[in-house]
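In: Need the 3D shape of this:
(one chain, ligands or ions: 2)
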Amino acid sequence: MQTQLADFIRDTPEGVEAERILRSCVHCGFCLATCPTYQILGDELDSPRGRIYLMKQYLESGEVSEKTQLHLDRCLTCRNCETTCPSGVEYSKLLDIGRGLIEKQVPRSPLAAMQRYALRQVLPRPTLFSSLLALGHAARPFLPASLKSKLPAKQNSSSRPKGRHARHMLVLEGCVQPALAPNINAAAARLLDKIGISLVAADKAGCCGAVSYHLNAQDEGLDYMRRNIDAWWPLLEAGAEAIVMTASGCGVTVKEYGHYLQHDPAYAAKAARVSALTRDLSEVVLAEAEVLKSQFEPLPKPRARVAFHAPCTLQHGQKITGVVEALLTVAGFEVISVSESNLCCGSAGTYSILQPEISTQLRERKLGHLQARQPEVIATANIGCLTHLQSGTATPVRHWIELLDEV
Ligand code: SF4
Ligand code: SF4
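Out: Ligands and ions are numbered 1, 2, ... in the order given. Got it, this is the predicted structure:
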């Protein structure tokens, strides 16, 4: 694609990157078929190619309207288009640039601005979030059914082994996960303990930065990233082998710290090392699969029928496919096939709150496929997908590590 970027952006680091990405798109349109918003809305401007055009138009003219912002807001950042694209267009990097710049030019209504601000204040703060969640649970009997279904059932925390192994890895606790599903990180710690690895949390680490960054408060997001690097660095220097992510949404972000902080001379090198040492939990367990295998008792029949929902942040963002399914199979579960497994469930960070109609349509479509063969349990790898899917079904939705932990 030919480009002629406007003066305001052309020679900036963002301009150089945006131009490179725009030029790699050949307009073929292969990405349209796999874009969930295009499938639902049927508007080219709600497709990857349409959004690329909108961003090109803006970067070439400097002119932008609420309409452009709306079509960019409707993108789930699922990155399905990146998996499909034959030209390797780095769509999500272009989207970050476009959204960040447009946010500064197109004012939001006071209500929308307040909603986005509230999400940035509450979600990355585990203490505040868990207090509000406790309030929600206390008020549950008085809530209307529509709100009740969105409030996940209360889960108590479970025991964690003490760090006893020489081999140890850092774990990012996450911001909403400890309150919503404390058993996930505990199950990860127990399972890794069985295979000789202790999980350690760094006291001062917190939100990965994705919430703020994807709400276009990009500087705030970068500050969260720097804070985590500062928290992890001394522990990495002291011998921690890796940084383990139990939520694929956090994992995809931390794996890209090196990209996000590439222009920060004080953090670029450290961020690149942190990203290189970051592993999704499934990658860590896969590397130890032989040790784990010897601990599973062979069974005359499968433990349970499981439908696995692969989060976009796992399959498209981190390009990890088939690993969780293989681990569940090794552990004796029957993993059933699921149609349209490449499509987003509609959770997508704060998308389910900001774009509830599209999000709900995608959830119903996804649940239809996941439940088509009557699984006893739905497994996934990201807390956002887990709570979103659970709000639409009575079938239990769990993190896959909880299933392995219970074997
Ligand atoms: S598939 Fe890739 S190259 Fe083709 S239109 Fe979409 S983004 Fe552009
Ligand atoms: S990231 Fe997902 S929703 Fe956004 S354009 Fe790509 S396929 Fe469509």
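In: residues from the stretch 51-200 of the chain in reach of ligand 2?
Out: Arg51, Cys75, Leu76, Thr77, Cys78, Arg79, Asn80, Cys81, Tyr91 (Cβ under 6 Å from any ligand atom). All C-beta atoms are positioned from the backbone trio N, CA, C, and that covers glycine.
In: give me that answer again for 8 Å
Out: Contact residues, the stretch 51-200 of the chain versus ligand 2 (Cβ under 8 Å from any ligand atom): 51, 74-82, 84, 91-92, 95.
In: for the stretch 251-400 of the chain, same thing?
Out: Cys312, His316, Cys344.
In: for the stretch 151-300 of the chain, what spans make up the helices?
Out: Ranges of helices in the stretch 151-300 of the chain, per DSSP state H, counting those that start in this stretch, are 177-180, 183-194, 210-214, 218-237, 248-254, 257-260, 268-276, 281-287, 289-293.
In: out of these, deepest packed?
Out: Ranked by mean neighbour count, the helices of the stretch 151-300 of the chain are led by helix 248-254 with a mean of 28 (mean count of other Cβ atoms under 10 Å).
In: Now do that helix: distance to the chain's middle.
Out: Put simply, helix 248-254 sits 5 Å off its chain's centre (Cα atoms, centre = their mean, to the nearest Å).
In: For it, which helices and strands make contact with it?
Out: If contacts are counted by 3 or more Cβ pairs under 8 Å, 6 or more residues apart in numbering; DSSP states H and E, helix 248-254 sits against helix 210-214, helix 218-237, strand 243-245, strand 278-280.
In: still on that earlier bit, turn the helices of the stretch 151-300 of the chain into a markdown table, including mean pLDDT and distance to Leu389.
Out: Below are those laid out as a markdown table (pLDDT from 0 to 100; distance: least, Cβ to Cβ, whole Å):
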| stretch | mean pLDDT | distance to Leu389 |
| --- | --- | --- |
| helix 177-180 | 92 | 13 |
| helix 183-194 | 96 | 15 |
| helix 210-214 | 97 | 19 |
| helix 218-237 | 98 | 26 |
| helix 248-254 | 98 | 14 |
| helix 257-260 | 98 | 28 |
| helix 268-276 | 98 | 29 |
| helix 281-287 | 96 | 18 |
| helix 289-293 | 82 | 26 |
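In: Which one, of the helices and strands packed on helix 248-254, ends up nearest to Gln105?
Out: helix 218-237 (14.2 Å; Cβ to Cβ).
In: hmm, who's touching the closest one?
Out: Where contact means Cβ atoms under 8 Å, 6 or more residues apart in numbering, the residues beyond helix 218-237 that reach it are 96, 100, 120, 124, 170, 172, 200, 202-214, 240, 243, 253-254, 257, 260-261, 264, 267, 270-271, 273-274, 277.
In: returning to what we had before: dump the helices of the stretch 151-300 of the chain to JSON lines, plus distance to ligand 1.
Out: Converted to JSON lines, the helices of the stretch 151-300 of the chain look like this (distance: least, Cβ to the nearest ligand atom, whole Å):
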{"stretch": "helix 177-180", "distance to ligand 1": "33"}
{"stretch": "helix 183-194", "distance to ligand 1": "34"}
{"stretch": "helix 210-214", "distance to ligand 1": "20"}
{"stretch": "helix 218-237", "distance to ligand 1": "23"}
{"stretch": "helix 248-254", "distance to ligand 1": "19"}
{"stretch": "helix 257-260", "distance to ligand 1": "19"}
{"stretch": "helix 268-276", "distance to ligand 1": "24"}
{"stretch": "helix 281-287", "distance to ligand 1": "27"}
{"stretch": "helix 289-293", "distance to ligand 1": "35"}
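In: JSON lines please, covering those helices and showing distance to Arg373.
Out: Below are the helices of the stretch 151-300 of the chain laid out as JSON lines (distance: least, Cβ to Cβ, whole Å):
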{"stretch": "helix 177-180", "distance to Arg373": "27"}
{"stretch": "helix 183-194", "distance to Arg373": "25"}
{"stretch": "helix 210-214", "distance to Arg373": "33"}
{"stretch": "helix 218-237", "distance to Arg373": "39"}
{"stretch": "helix 248-254", "distance to Arg373": "24"}
{"stretch": "helix 257-260", "distance to Arg373": "39"}
{"stretch": "helix 268-276", "distance to Arg373": "38"}
{"stretch": "helix 281-287", "distance to Arg373": "23"}
{"stretch": "helix 289-293", "distance to Arg373": "26"}
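In: Number of residues surrounding Pro126?
Out: 17 (other Cβ atoms under 10 Å).
In: I figured Glu17 hits Ile97, correct?
Out: Yes - at 6.5 Å, Glu17 counts as touching Ile97 under the criterion of Cβ atoms under 8 Å.
In: Neighbour count: the two, which is higher?
Out: Ile97 (21 against 17).
In: you'd agree that one is in a helix?
Out: Yes - assessed by DSSP: H, G, I helix; E, B strand; the rest coil, Ile97 belongs to a helix.
In: where in this structure is pLDDT low?
Out: 146 (pLDDT under 70).
In: from the residues of the stretch 251-400 of the chain next to ligand 2, which is closest to ligand 1?
Out: His316 (13.4 Å; Cβ to the nearest ligand atom).
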